[in-house]
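Trainee: Here's my sequence, what's the structure:
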Amino acid sequence: MPEEKSASSKPANRFCDLIGLHFTEMEKGFCRTELTITDFHLNPYGTLHGGVVYSLADTGMGGALSTLLEDDEQCATIEIKINYLKSMRSGRLGCETRVIHKGKNIAFLESVVKNPEDKLVATATGTFNIFKMVPADLVK
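Mentor: Now for the predicted structure:
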């Protein structure tokens with residue numbers, strides 16, 4: 001079984017830095033991400049852009065699955081289905097993700113996105129591919 005990884009052991013993620021997404025908790029098969037909504041995250045109608053919520057779920061899924069991967073494995077999204085249930089204009093969002101099933105090559109995950117009042121903003125399920133890393137000297 002792989003050694004449990006923590007939020008601090010994750011490699012730099014420039015996309016997370018760009019949108020202000022933070023890993024706040026990681027355990028075996030679980031991840032929590034958070035984001036404070038700013039004007040930068042709003043769509044032309046002044047509400048939170050759906051892509052921001054999607055990014056919380058997708059990134060959380062990758063984080064949760066990474067806690068179960070071997071050192072020579074990585075993962076990538078195959079598909080995500082998301083249901084948007086509440087719009088937001090400001091505040092903070094938290095996303096909790098759990099690995100529901102991990103096979104040799106495929107994993108299935110579930111994310112729940114809530115606001116600070118613990119109201120459901122979105123739910124998502126995703127399928128991820130698990131594969132061996134390509135050595136850096138072979139990447140062109």
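
Trainee: Pull the number of nearby residues for Thr38.
Mentor: Here the count is done by other CB atoms under 10 Å, and Thr38 has 11 residues near it. C-beta: built from backbone N, CA, C; applies to glycine.

Trainee: In this structure it contacts Ile19, no?
Mentor: No: using CB atoms under 8 Å, Thr38 makes no contact with Ile19, being 9.2 Å away.

Trainee: tell me the contacts of the nearest residue to Asn43 once chain neighbours are set aside?
Mentor: Spatial nearest neighbour of Asn43, excluding adjacent residues (CB to CB, 6 or more residues apart in numbering): His49 at 4.4 Å. Residues near His49 by CB atoms under 8 Å, 6 or more residues apart in numbering: 41-43.

Trainee: Pick the one among those residues closest to Ala76.
Mentor: Relative to Ala76, the closest of the contacts of His49 is His41; by CB to CB it sits at 24.5 Å.

Trainee: quick one: contacts for the closest one?
Mentor: His41 sits next to 19, 35, 48-49, 52 when contact means CB under 8 Å, 6+ apart.

Trainee: can you list contacts of stretch 27-36?
Mentor: Here stretch 27-36 makes contact (CB under 8 Å, 6+ apart) with 4, 19-26, 41, 52, 56, 59-61, 63-64, 67-68, 91-99, 102.

Trainee: Stretch 61-79 now?
Mentor: 2, 4-5, 7, 10, 23, 26-31, 33, 58, 80, 97-99, 102, 106-107, 109, 111, 124, 126-133.
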